[in-house]
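In: Make a model of this:
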Amino acid sequence: MCEKKKNLILAFESSCDETSVAIIEDGHKILANVTATQINSHRRFGGVVPEVASRHHIEQITDCIATALAQADVTYEQLDAVAVTYGPGLVGSLLVGLTAAKAVAFAYDLPLIPVNHMAGHIYATRFVSEIKFPALALLVSGGHTELVYLPAPNEFKIIGETRDDAAGEAYDKVGRVMGLAYPAGKEIDQLAKQGQDTFNFPRAMEKEDNYDFSFSGLKSAFINTLHHANQIGEELSKVDLAASFQQSVIDVLTLKTIKALNNFECQQLILAGGVAANSGLRARIEEELKAFPTVELIKAPLKLCGDNAAMIGAAGYVAYQAGEVGDLSLNANPSLEFDWID
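Out: Numbers count the residues shown, from 1 in each chain. This next block holds a predicted model:
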C-alpha cells in the first residue's frame with residue numbers, strides 16, 4: 001500500500017521582535033521551530049525599537065532557515081508550500097520575513113500562503129487539539145486584545161477588541177514604572193501570586209453592553225497611585241500593586257468572555273496570545289468554564305503563546321487547504337485585522 005505523502009510547509013514569522021522559521025507537517029506536527037529572540041537588545045530601551053528589530057531580522061533570518069531545514073532533515077525540494085506572516089505588525093520587520101518567504105517560493109516554484117498573525121495565535125492550539133467549530137477565541141497579546149468568533153475553519157469574525165492599550169501593552173507600561181525589566185508580564189504574574197487586591201483599580205467597560213475592552217484607564221490609575229505615593233514618601237507593597245493590577249485585567253477579560261459565551265453558540269473556547277501564558281488568567285478561565293459543561297477549553301501551549309513560526313505554519317496549512325494562495329506582489333499590511341461580525 002502506498003504511503004500517503006506528507007504535506008510540508010516552511011513558515012516565517014517576523015512581525016515584531018522574534019525571528020522565527022518552522023517546518024510543519026500536515027498542519028499539526030512540528031518538525032522544527034527555530035526562534036531567535038531580540039529581548040536583550042530591546043530591554044535597555046524598555047520596549048521594542050522598530051528599526052533595531054528589522055535590522056536584527058535581516059541578520060538572523062538566513063541562519064534560522066538553515067537551522068530549521070537541518071533540524072527537520074528536510075530539503076527545499078521536499079517542501080509543498082511557504083507560509084508567511086504579512087500583518088499585523090511592524091512594517092520593517094514584516095518585510096524581512098516576506099522577502100525571505102517570497103525568495104524561497106520563487107526559487108523553488110512553491111505556493112506562497114499569506115497568514116494573518118492573529119490567525120497564527122489561534123491555530124497554535126492546533127498542536128494541542130483539533131479545533132471544533134463554531135468556536136470562540138480570546139486573543140490576548142502585547143499588541144492585541146480581542147474576542148474572535150470562528151464559525152468554520154479559516155473564518156474569523158471580531159466581536160470585540162480593545163479600544164486603546166492591549167492587555168500585554170498595559171503590563172509592559174506598568175512594569176516600566178515599577179522598575180521591572182522588559183517584558184514585564186511574567187514577573188508581574190509571579191509577584192501577583194504573593195499579593196492581594198488591595199487597591200481595587202477600575203474595571204473599565206464592565207457594565208457596557210458590548211464585548212470591547214479598555215486598559216488605558218487602569219494603566220493611568222496605576223501610574224497615578226504609584227506617583228502619588230512617591231511624592232508623599234509612602235512605600236507601597238509591590239506584590240499588592242501587581243496583584244491589584246492583574247486582578248483588574250483578569251476580571252475584565254473574563255467578564256467579556258463569559259458574556260460572549262452566553263450569547264454565541266460554540267463548542268470550544270480558545271485561549272491564545274502572549275498573555276495567554278499568564279497563570280492567573282489561565283486559572284480564572286478554567287474556573288469560569290465549569291459553568292459551561294458543553295464548552296471545551298483549549299489553551300495554546302506555553303512555549304507557543306509568544307510569537308513563533310510554528311503557529312504560522314499551522315494557520316497556513318488551513319488557509320492552503322481553503323485555497324488561499326498569494327503571489328510575489330504580496331506586501332506587508334501592518335494594520336491588518338479580521339473582519340467584524342455582521
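In: Can you name the residues that contact the nearest residue in space to A119 that is not next to it in sequence?
Out: Nearest residue to A119, sequence neighbours excluded (Cβ to Cβ, 6 or more residues apart in numbering): A315, at 4.3 Å. In this view, the C-beta of every residue, glycine as well, is placed from N, C-alpha and C. By Cβ atoms under 8 Å, 6 or more residues apart in numbering, the residues touching A315 are A83, V115, N116, A119, G120, I122, Y123.
In: and what of E187?
Out: Here E187 is in contact with G175, L180, A181 (Cβ under 8 Å, 6+ apart).
In: go again using 6 Å as the cut-off
Out: Listed by Cβ atoms under 6 Å, 6 or more residues apart in numbering, the contact partners of E187 are L180.
In: Assign it to helix, strand or coil.
Out: Look at E187: counting by DSSP: H, G, I helix; E, B strand; the rest coil, its state is helix.
In: Which segments of the protein make up each domain?
Out: The record, using automatic domain parsing to delimit domains, assigns the chain the ranges 8-123+305-340, 130-299.
In: Might you list the low-confidence residue ranges for the chain?
Out: Along the chain, segments meeting pLDDT under 70 span 1-4.
In: Break down it into its strands, ranges please.
Out: Taking DSSP state E, the strands of the chain run over residues 8-13, 18-25, 29-37, 81-87, 112-116, 135-140, 145-150, 157-161, 268-272, 296-299, 339-340.
In: can these go into a markdown table with extra columns for mean neighbour count and distance to G46?
Out: Output for the strands of the chain, formatted as a markdown table (neighbours: other Cβ atoms under 10 Å; distance: least, Cβ to Cβ, whole Å):
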| stretch | mean neighbour count | distance to G46 |
| --- | --- | --- |
| strand 8-13 | 29 | 23 |
| strand 18-25 | 27 | 18 |
| strand 29-37 | 19 | 16 |
| strand 81-87 | 27 | 25 |
| strand 112-116 | 24 | 28 |
| strand 135-140 | 26 | 21 |
| strand 145-150 | 25 | 21 |
| strand 157-161 | 19 | 25 |
| strand 268-272 | 25 | 26 |
| strand 296-299 | 19 | 29 |
| strand 339-340 | 10 | 33 |
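In: Could you point out which of those strands sits nearest C305?
Out: When the strands of the chain are compared by Cβ to Cβ, strand 268-272 sits nearest C305, at 7.0 Å.
In: what's next to the closest one, contact-wise?
Out: By Cβ under 6 Å, 6+ apart, strand 268-272 touches 121-122, 124-125, 132, 135-139, 285, 295-300.
In: C-alpha coordinates for it, PDB please?
Out: Listed next in PDB are the C-alpha coordinates belonging to strand 268-272 (Å, rounded to 0.1, in the frame of the first residue of the first chain):
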ATOM      1  CA  GLN A 268     -14.700  25.400  22.300                       C
ATOM      2  CA  LEU A 269     -13.100  28.400  23.900                       C
ATOM      3  CA  ILE A 270      -9.600  29.100  22.600                       C
ATOM      4  CA  LEU A 271      -7.100  31.000  24.800                       C
ATOM      5  CA  ALA A 272      -4.100  32.300  22.900                       C
END
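In: Give the pairing partners of it; include direction for each.
Out: Strand pairing for strand 268-272, determined by DSSP bridges: strand 135-140 (parallel), strand 296-299 (parallel).
In: That one to strand 145-150, inter-axis angle?
Out: 140 degrees (axes from the mean of the first three to the mean of the last three Cα atoms, to 10 degrees).
In: neighbours around the closest residue to K219 other than its chain neighbours, how many?
Out: Nearest residue to K219, sequence neighbours excluded (Cβ to Cβ, 6+ apart): A170, at 4.8 Å. Other residues within reach of A170 by the criterion other Cβ atoms under 10 Å amount to 28.
In: ok, A170 to F127 distance?
Out: 28 Å (Cβ to Cβ, to the nearest Å).
In: quick one, helices of the protein?
Out: 39-43, 50-72, 91-107, 117-123, 167-177, 185-192, 216-231, 238-263, 279-288, 309-321 (DSSP state H).
In: List of residues touching the fifth one?
Out: Contacts made with helix 167-177 from outside it, assessed by Cβ under 6 Å, 6+ apart, are listed as 46, 140-142, 145, 183-185, 188, 215, 219, 222-223, 226, 245, 249, 274-275.
In: of those, buried ones?
Out: 46, 140-142, 145, 183-185, 188, 215, 219, 222, 226, 245, 249, 274-275 (16 or more other Cβ atoms under 10 Å).
In: So which of the domains of the chain is the most surrounded?
Out: Stretch with highest mean neighbour count among these: domain 8-123+305-340 (a mean of 20; mean count of other Cβ atoms under 10 Å).
In: Start and end of that one, how far apart?
Out: End-to-end distance of domain 8-123+305-340 (Cα to Cα, to the nearest Å): 32 Å.
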